[in-house]
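Engineer: Here is a sequence with its predicted model. Questions after.
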Amino acid sequence: MSPDVFISYSREDQQQVVKMVEYLRGQGISVWMDETDIHGATIWTKEIVEAIRASSLFILAISGHSIGSKNVVKELALASEREKIILPIYLEQCEIPETMEYQLAGIQNIALYTLDKAKAYEFVHQTIRRLGVGQAAEESQALGKAESTPTPGHGHMPPPKAKSGFSKWIAIAAGVAVLTVAGLFLTKGGDEAQAPASPGSGTSPTAPVAPVDGSVRIAVLPFENLSTEDNQTKWADLISQEIIGSLATLDGVTPIVWSSVNKYRGEQKDIDQITRELNVQRILDGRVVAQGGQIEVSFNLTDTQTKTFIWNHKENGMQSDFFKLRNAIVAKVTSTLNPNQTFQTTDETAPTENIEAYKLYRKARELWSTRGEAEMKQSIELYKQAIEMDPNFVEAYCGLGDAYAMMIPYGYAPPDQVRETIQLAEDAFFEAIKINPNYSGAYPAMGWLESMAKHRYDKALEHFDEALKHNPNNVQALMWKAITCRSMQRSNEAIQLSSRAIELDPNNHVAYMLLCLDYASDFQYENAEKAAKKSVSLKPDYGMGQNALFNALAMQEDKKEELKKHIESLEALSNKDWNIERTIFIYHYYFGTKESFIKAADYMKKKAELTNYELKGFPLYFFCTGEKELGYKYLEEGVKNGNMSLMGAHRFFIEWSVIKDEDRYKVLYGDNY
């Protein structure tokens, strides 16, 4: 029987190594170690070479003795040449000699001497399991999924060459397992069979609260990219994003959206922190190797309460069959989370058959999500290119429509081009709906345009409800519906919608900003303040969040000193966006001295001239500086053109107090004043 693990060590460390080996063998790991005196005999070449060749994992026990052993150095070199997984374990602190630097460059390790002695060997055991070595693989095969068997028609993907980056590949894989002792992401598992928790682990102190709707909340963490090829395709991110999108359409499953899980990228993952911050019962994480036109994905499903593996699994296929690979992964996850539901794995579940068009689409989405002007305009060009490659690519049409739609509220569309931009957005959405009327992503921005640009709130709600009918977890639809409900003075409903969006996307700074506005519209200013502070803690340079916090503090009489300090902190920023500049200007109008306001107004005017910013996009400037006619002219033009929204902020925030009681202003709102 081939050994799972080969251990290379120095004779002087034999007593300590034997204890670790005995523990691992007791856990079902097959370990080969030289327990005789092979190193002193001519038989060394045959037995050592054969043992290394047959093993799956090479453990290097590092000590002051082993780093000086010529035979240990030879064994390490042989393991590297054989492309074995290498796991260095430090028995004591010491420097790696030049003879080992090449093979160990960049590899993560276990500093055994720093760990709690009662848990150290179990930590090694869990790391070995996490690397896919040992009984887990055998159980997986026994259940009919031979992980190492080539996929018909594709062949098994060869691992990267050790000397061209394989060490880095294993380094990252090991790093996923070798975590901080304080918050061990330790799991034990075999495919399909939940194993008992590791000794002393107990139940997580941050056990998740089950959702009231009975669904299973799952965090699909960014998969680790273990590829050694220098290519720009982020296959690991694409896999993670596609899994989240596919799970979102299933009943009984609530995946946390990408923007919130993306912060947990990296080698070390604290299961308690993730559970606490995202309130999830399951975590899916994995590793991706893309090479030579193929992809191999290893992934694990973890129970956050017991901190144990439910299973670990592996899939591989051609890059051109990316969506078939995604479907296989989602089907595996679905079979566990919701056994009564079968994920449809037909070709219809693939957004496009053109993988190059898909890459362009994902790149465009990444640019669009920054909300920067240059990035958003670049995303439009990429969406167009993707559509040229595949004229039936629904998601690309929706992305194009989203980009055009967001050009308006961010002021990237000139006032005389707003109507044209709205039409371009709507044309893109109509094309998407014509191809697939059941695609949820086609409707939220249409609702946004109806609400914010045309002020047809009932029509907007129809679009949002259509989006949520096809995908109840559509965060964008939830947030934009909340804005519309708030504009219609339906504050409680708006609060519920924004809160639901935060449940799905707990690290979304925009959602917290919207929740601040929703609470404020119900005159719950303390709650509004808390939501705004959460928004700016997640993204301190988010101008709309800083403005929301200003307004929440301004509406509380006992928060004037804190408000002053808040503005001072904003004024100290070296790089302020226009939302922050507006906030500082408004503060000095309502709370500053005459001199400080004149200074703020003069500064804003000069900065606008230097940056070609059109102040007519900020009518409040003219109302506050006494140029009321200009203010009304630009406000009325903006409402008419669709680039200024009537969101009712005058009801609950201080900004519009300068004119909110005037009849001319009330006429703009009509019955919804």
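Structural biologist: Right, received. Where do you want to start? The shown structure was predicted, so the numbers you read here are calculated from the model rather than taken from an experiment.

Engineer: For F653, pull up the helix or strand it's in.
Structural biologist: Assigned by DSSP states H and E, F653 belongs to no helix or strand.

Engineer: Touching, it and Y519? I think so.
Structural biologist: No - using CB atoms under 8 Å as the test, F653 is too far from Y519 to be in contact (11.7 Å). C-beta: built from backbone N, CA, C; applies to glycine.

Engineer: where do the contact lists of the two overlap?
Structural biologist: Residues touching both F653 and Y519 (CB atoms under 8 Å, 6 or more residues apart in numbering): none.

Engineer: Tell me the first helix or strand C-terminal of the one helix or strand C485 maps to.
Structural biologist: Taking DSSP H and E as the definition, one finds C485 inside helix 475-487. Downstream of helix 475-487, the first helix or strand assigned by DSSP H and E is helix 491-504.

Engineer: Report the angle between the helix or strand just after that following helix and helix 475-487.
Structural biologist: The helix or strand immediately downstream of helix 491-504 is helix 509-521, counting by DSSP H and E. Helix 509-521 runs at 20 degrees relative to helix 475-487, counting by axes from the mean of the first three to the mean of the last three CA atoms, to 10 degrees.

Engineer: And the contacts of helix 509-521?
Structural biologist: For helix 509-521, contacts defined as CB under 8 Å, 6+ apart pick out 475, 479, 482-483, 486, 489, 491, 494-495, 497-499, 501-502, 505, 525, 527-529, 531-532, 534-536, 538-539, 542, 544-545, 548-549, 551-552, 555, 648-649, 651-653.

Engineer: make it 6 Å
Structural biologist: For helix 509-521, the external contacting residues (CB atoms under 6 Å, 6 or more residues apart in numbering) are 479, 482, 486, 491, 494-495, 498, 501-502, 505, 527-528, 531-532, 534-535, 538-539, 542, 544-545, 548, 552, 652.

Engineer: Return the distance of it from the chain's centre.
Structural biologist: Computed by CA atoms, centre = their mean, to the nearest Å, the chain-centroid distance of helix 509-521 equals 21 Å.

Engineer: what's the average pLDDT for it?
Structural biologist: Average pLDDT, helix 509-521: 94.

Engineer: quick revisit: spell out for me the PyMOL command that would select the buried members of the contacts of helix 509-521.
Structural biologist: Filtering the contacts of helix 509-521 down to the buried ones (16 or more other CB atoms under 10 Å) takes a single PyMOL command:
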select buried, resi 479+482+486+491+494+495+498+501+502+505+527+528+531+532+534+535+538+539+542+544+545+548+552+652
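
Engineer: I figured I567 was touching I586, is that so?
Structural biologist: No - the criterion here is CB atoms under 6 Å, and I567 misses it with I586 at 9.7 Å.

Engineer: Buried residues in the helix holding C485, which are they?
Structural biologist: Buried residues in helix 475-487 (16+ other CB under 10 Å): 475-487.

Engineer: ok, now which ones touch L400?
Structural biologist: The contact partners of L400, taken as CB under 6 Å, 6+ apart, are Y383, A428.

Engineer: Swap in 8 Å and give it another go.
Structural biologist: Contacts for L400 (CB under 8 Å, 6+ apart) come out as I380, Y383, K384, I387, A425, A428.

Engineer: Please apply the same query to F652.
Structural biologist: Residues near F652 by CB under 8 Å, 6+ apart: A520, S521, D522, F523, M555.

Engineer: name the helices or strands packed onto the helix or strand V49 falls within?
Structural biologist: Take DSSP H and E as the rule and V49 turns out to sit in helix 44-54. When contacts are defined as 3 or more CB pairs under 8 Å, 6 or more residues apart in numbering; DSSP states H and E, helix 44-54 sits against helix 70-81.

Engineer: and the angle for the helix it packs on with helix 44-54?
Structural biologist: 40 degrees.

Engineer: Any buried residues in helix 70-81, and which?
Structural biologist: For helix 70-81, a neighbour-count test (16+ other CB under 10 Å) marks N71, V72, V73, K74, E75, L76, L78, A79, S80 as buried.

Engineer: Mind exporting the C-alpha coordinates of stretch 219-226 to CSV?
Structural biologist: Extracted in CSV, the C-alpha atoms of stretch 219-226 (Å, rounded to 0.1, in the frame of the first residue of the first chain):
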residue,chain,number,x,y,z
ALA,A,219,-20.3,32.2,2.4
VAL,A,220,-18.5,31.3,-0.8
LEU,A,221,-15.0,32.7,-0.1
PRO,A,222,-12.7,33.9,-2.9
PHE,A,223,-11.0,30.7,-4.1
GLU,A,224,-7.2,30.7,-4.0
ASN,A,225,-5.4,31.1,-7.3
LEU,A,226,-2.7,28.5,-7.4
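
Engineer: what does that stretch contact?
Structural biologist: In contact with stretch 219-226 (CB under 8 Å, 6+ apart) are residues 168-169, 172-173, 176, 234-237, 239-240, 243-244, 247, 255-256, 261-262, 264-265, 267, 269, 274, 278, 280, 282-290, 297, 299.

Engineer: for it, what is the average pLDDT?
Structural biologist: 88.

Engineer: ditto for stretch 309-328
Structural biologist: Mean per-residue pLDDT for stretch 309-328: 86.

Engineer: likewise stretch 110-123?
Structural biologist: Summarised as a single mean, pLDDT over stretch 110-123 is 80.

Engineer: What separates the first and last residues of that stretch, distance-wise?
Structural biologist: 9 Å (CA to CA, to the nearest Å).

Engineer: With stretch 87-105 instead?
Structural biologist: Length of stretch 87-105, first residue to last, CA to CA: 12 Å.

Engineer: just to confirm, which helix or strand has V536 in it?
Structural biologist: helix 525-538.

Engineer: The helix or strand that that helix is followed by packs against which elements?
Structural biologist: Past helix 525-538, further along toward the C-terminus, the next helix or strand under DSSP H and E is helix 543-554. When contacts are defined as 3+ CB pairs under 8 Å, 6+ apart, helix 543-554 packs onto helix 509-521, helix 525-538, helix 560-571, helix 578-590.
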